[in-house]
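Q: Structural data only, the sequence is not supplied:
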Ligand SMILES: O=C(O)c1cccc(C(=O)CC[C@H]2O[C@@H](n3cnc4c(=O)[nH]cnc43)[C@H](O)[C@@H]2O)c1
């Protein structure tokens with residue numbers, strides 16, 4: 001299959017690429033808008049009916065707007081037909097206790113824009129309840145379930161299949177974490193890009209799933225407690241483990 005992986009920063013893209021096994025790096029492809037795609041392909045003999053597996057990795061920037069713009073650009077300017085079979089939003093993220101401890105992997109069964117709405121005297125209202133657009137993208141259960149099952153192959157790695165929240169402001173207080181948990185009791189992770197990536201993929205009718213490696217707990221700000229190295233290792237493991245999935249025909 002042809003896969004587009006969108007990360008926020010280069011370090012996350014390095015971890016994704018570091019995990020890809022059996023793929024040959026094709027170098028950088030420049031796109032309009034100043035974006036660069038790190039292409040990878042697998043040139044093994046295979047039936048003509050099976051597409052050459054391709055994984056393109058894009059550094060799309062931090063936040064939902066940057067990631068939506070980057071993903072939409074990559075999809076619109078793709079030279080493949082159809083553009084991609086799968087879009088993956090990948091990176092590090094915050095984990096909600098007790099679901100997702102440091103170093104765990106969270107696979108989205110829902111990608112939720114958690115602060116796209118209106119504050120009212122009676123509480124928060126998401127934009128869909130206001131009659132505008134949407135705040136949730138749900139990957140097909142067969143897709144997210146398959147990804148989570150493959151990742152769970154190593155018993156040493158905790159894998160959680162749960163909603164991932166997209167926020168524009170990183171949670172930094174216990175009160176905000178509690179509020180998000182109250183509104184989304186099953187949410188296991190928060191990050192800043194998934195909904196933007198999913199929105200672009202949805203517009204192009206391409207399946208999308210989000211994978212987050214937990215680097216910090218969602219809650220009171222504590223930079224010293226961040227564990228970025230182990231989270232990057234978990235991200236690398238995820239893409240090493242998923243390689244056989246990318247080799248399948250779509
Ligand atoms: O300065 C801080 O306190 C702080 C706390 C958490 C995250 C940041 C970032 O600027 C990182 C943004 C970057 O990393 C992803 N990420 C990682 N952990 C979280 C999180 O707990 N909540 C939201 N986003 C997180 C995010 O997707 C961005 O790409 C600074």
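A: Nice, I can see it. Values in this document were obtained by computation on a predicted structure and should not be read as measured data.
Q: Find the centremost residue of this protein, please.
A: By CA atoms, centre = their mean, the chain has its centre lying nearest to residue 89, at 2.3 Å.
Q: going on from whichever strand or helix holds it, what's the next piece of helix or strand?
A: If you go by DSSP states H and E, residue 89 is part of strand 86-95. Downstream of strand 86-95, the next assigned helix or strand under DSSP H and E is strand 105-113.
Q: List the strands paired with that following strand, with their directions.
A: The pairing partners recorded for strand 105-113 under DSSP bridges are strand 136-137 (antiparallel), strand 159-166 (parallel), strand 208-217 (antiparallel).
Q: Could you pull up the mean pLDDT of it?
A: For strand 105-113, mean pLDDT rounds to 98.
Q: Could you pull out the buried residues of stretch 15-28?
A: By 16 or more other CB atoms under 10 Å, the buried positions in stretch 15-28 come out as 15, 16, 17, 19, 20, 23. Any C-beta I mention is one placed from the backbone N, CA and C, and that applies to glycine too.
Q: Also near the ligand: which of those residues, exactly?
A: Contacts with the ligand are made by none of the buried residues of stretch 15-28, judged by CB under 6 Å from any ligand atom.
Q: And the residues you listed, which is closest to residue 72?
A: Closest approach between these and residue 72, by CB to CB: residue 16, at 19.8 Å.
Q: and the nearest residue to the closest one once chain neighbours are set aside, how many neighbours?
A: Nearest residue to residue 16, sequence neighbours excluded (CB to CB, 6 or more residues apart in numbering): residue 239, at 4.9 Å. Here the number of neighbours of residue 239 (other CB atoms under 10 Å) works out to 25.
Q: With the one 4 residues further on instead?
A: When counting by other CB under 10 Å, one arrives at 17 neighbours for residue 243.
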